[in-house]
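Trainee: turn this into a structure:
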Amino acid sequence: MRSTVLFASVLLPLLLASCGERKPATSAPRPALAAAPHASASAAGPVAVAVAARPPAPTPEQLEAGAAAARERVVLMHAIFGDLFNPASNDAPMKLADPDQPGERMYAIEPVAHTFLPNGDAVLVANALVEQPDRDGHRVHTEGGLLNIFIVRKTDGRWTLLKHHANIARMGSWERIGKAEFVNLAAGKPGLAMRFGSGFQQMSESAIGLFDLGADPIRPLTGEGIAVAASSPGCVPEELETCYEIAANWRFAASASGAAYDDLVFTFTGQDDGKKDGRRKGKQGPVLAADMTSHKGSARYAYDGKRYVLVEGKNPAQEY
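Mentor: Numbers count the residues shown, from 1 in each chain. Prediction:
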């Protein structure tokens, strides 16, 4: 442990210099956001679960960019927690109010992603994991993580904590909050899009949650999330349960009502097989036959001053 601390103390000044050299974006172009690809079954037969193609190996440039980002998060964690940050486990202990009951608990703060705002402030997105003496790496798959956001400002060459938005929302599974993407909610309004999901008893679902990084306090803009994908990967076509596979691409569009944030537009594809009884002559008796329903369409969500609500179309992934 002593060697780890010595290594961190030697490395930290170099990392601080590295973090300081990265300039904040003056204008962040909105990325094209899409749900992970889901294979749709043929309309002529039962829904089939396809094996996703293996993603291409990362390029050397992508590997270096990922390593550089990880080094920057180490700097930010040291700035926030000092010697409490453990580089080996990549977390730091912190006592926070329990969002589910009165009182406080000890959490392990795990860095997830970060970005830099146009004014130069750093935004660190982190997960809060309840500390348990007998955890031994075990996580509860039905329990979501807790979203935390730290705003860090560089003054006189040093990063210092400006604001901590603690335990904003619970989301995801395996006590993790999911994947973070940084977006523009409207012109001049940097935001966070969290992609999270869960899988349980032969069902899988995925949703997005939006947050305004300039708000105080930061709160969910999409309630418990908007569904963007749903599937039944363990479904057996010959059995009674409904088999389904639905996914959506989504994007921002200018607000049609002049709201504070842009609208969200989803394009859905997929189908489900609700099954139906079919009868054959002879002693075979009733059998199940395919009863396919196609799900192709769009849905538009608009901000109503409190949260995003469905104003046009239908979200079939929300039904499962």
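
Trainee: now find how far off-centre the longest helix seen in the chain is within its chain.
Mentor: Ordering each helix of the chain by length in residues (DSSP state H) puts helix 60-81 first. In terms of CA atoms, centre = their mean, to the nearest Å, the centre of helix 60-81 is set 19 Å apart from its chain centre.

Trainee: output that helix as CSV, restricted to C-alpha atoms.
Mentor: What follows is helix 60-81, C-alpha atoms only, in CSV (Å, rounded to 0.1, in the frame of the first residue of the first chain):
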residue,chain,number,x,y,z
PRO,A,60,-4.5,2.5,-31.1
GLU,A,61,-5.9,6.1,-31.2
GLN,A,62,-9.1,5.0,-29.4
LEU,A,63,-7.1,3.1,-26.8
GLU,A,64,-4.9,6.1,-26.1
ALA,A,65,-7.9,8.4,-25.9
GLY,A,66,-9.5,6.1,-23.3
ALA,A,67,-6.3,5.9,-21.3
ALA,A,68,-5.9,9.7,-21.4
ALA,A,69,-9.5,10.2,-20.2
ALA,A,70,-8.9,7.7,-17.3
ARG,A,71,-5.8,9.6,-16.3
GLU,A,72,-7.9,12.8,-16.2
ARG,A,73,-10.5,11.2,-14.0
VAL,A,74,-7.7,10.1,-11.6
VAL,A,75,-6.7,13.8,-11.3
LEU,A,76,-10.3,14.9,-10.6
MET,A,77,-10.8,12.2,-8.0
HIS,A,78,-7.7,13.2,-6.3
ALA,A,79,-8.8,16.9,-6.4
ILE,A,80,-12.2,15.9,-4.8
PHE,A,81,-11.1,13.3,-2.3
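
Trainee: buried ones in it?
Mentor: By neighbour count with 16 or more other CB atoms under 10 Å, helix 60-81 contains the buried residues 72-81. All C-beta atoms are positioned from the backbone trio N, CA, C, and that covers glycine.

Trainee: so what does that helix touch, helix or strand wise?
Mentor: helix 2-21, strand 92-97, strand 104-116, strand 122-130, strand 145-155, strand 158-165 (3 or more CB pairs under 8 Å, 6 or more residues apart in numbering; DSSP states H and E).

Trainee: about what we covered before: tell me the one of the buried residues of helix 60-81 nearest residue 166?
Mentor: Nearest to residue 166, judged by CB to CB, of the buried residues of helix 60-81 is residue 80 at 12.2 Å.

Trainee: tell me which residue is most central in this protein.
Mentor: When CA atoms, centre = their mean is applied to the chain, the residue found nearest the centroid is residue 195 (2.4 Å).

Trainee: nearest residue to residue 150 other than its sequence neighbours?
Mentor: Leaving aside its chain neighbours, residue 150 sits nearest to residue 124 (4.3 Å; criterion: CB to CB, 6 or more residues apart in numbering).

Trainee: surely that neighbour meets residue 116?
Mentor: No. With contacts counted by CB atoms under 8 Å, residue 124 stays clear of residue 116, the gap being 10.5 Å.

Trainee: quick one: which of the two has more around it?
Mentor: residue 124 (24 against 20; other CB atoms under 10 Å).

Trainee: tell me the contacts of the more buried one?
Mentor: Going by CB atoms under 8 Å, 6 or more residues apart in numbering, residue 124 touches 73, 76-77, 80, 111, 113-114, 149-150, 152.

Trainee: ditto for residue 171
Mentor: Residue 171 neighbours (CB under 8 Å, 6+ apart): 144-145, 147, 177-178, 194, 196, 207, 209, 224-225.

Trainee: try it again at 6 Å.
Mentor: 144, 177, 196, 209 (CB atoms under 6 Å, 6 or more residues apart in numbering).

Trainee: the last one and residue 244, how far apart?
Mentor: It stands for residue 209. To residue 244, residue 209 is 23 Å away according to CB to CB, to the nearest Å.

Trainee: quick revisit: out of the buried residues of helix 60-81, which comes closest to residue 316?
Mentor: Nearest to residue 316 among the buried residues of helix 60-81, with distances taken as CB to CB, is residue 73, at 37.3 Å.

Trainee: was I right about that closest one contacting residue 113?
Mentor: No. Here residue 73 lies out of contact with residue 113, judged by CB atoms under 6 Å, at a distance of 8.0 Å.

Trainee: bridging residues for residue 212?
Mentor: Applying DSSP bridges to residue 212 gives these bridge partners: residue 191.

Trainee: now for it, how many residues are close by?
Mentor: Applying other CB under 10 Å, we find 18 residues neighbouring residue 212.

Trainee: pretty sure it contacts residue 191?
Mentor: Yes. Residue 212 is in contact with residue 191 according to CB under 6 Å; the separation is 5.5 Å.

Trainee: common neighbours of these two, please.
Mentor: Common contacts of residue 212 and residue 191 (CB under 6 Å, 6+ apart): residue 185.
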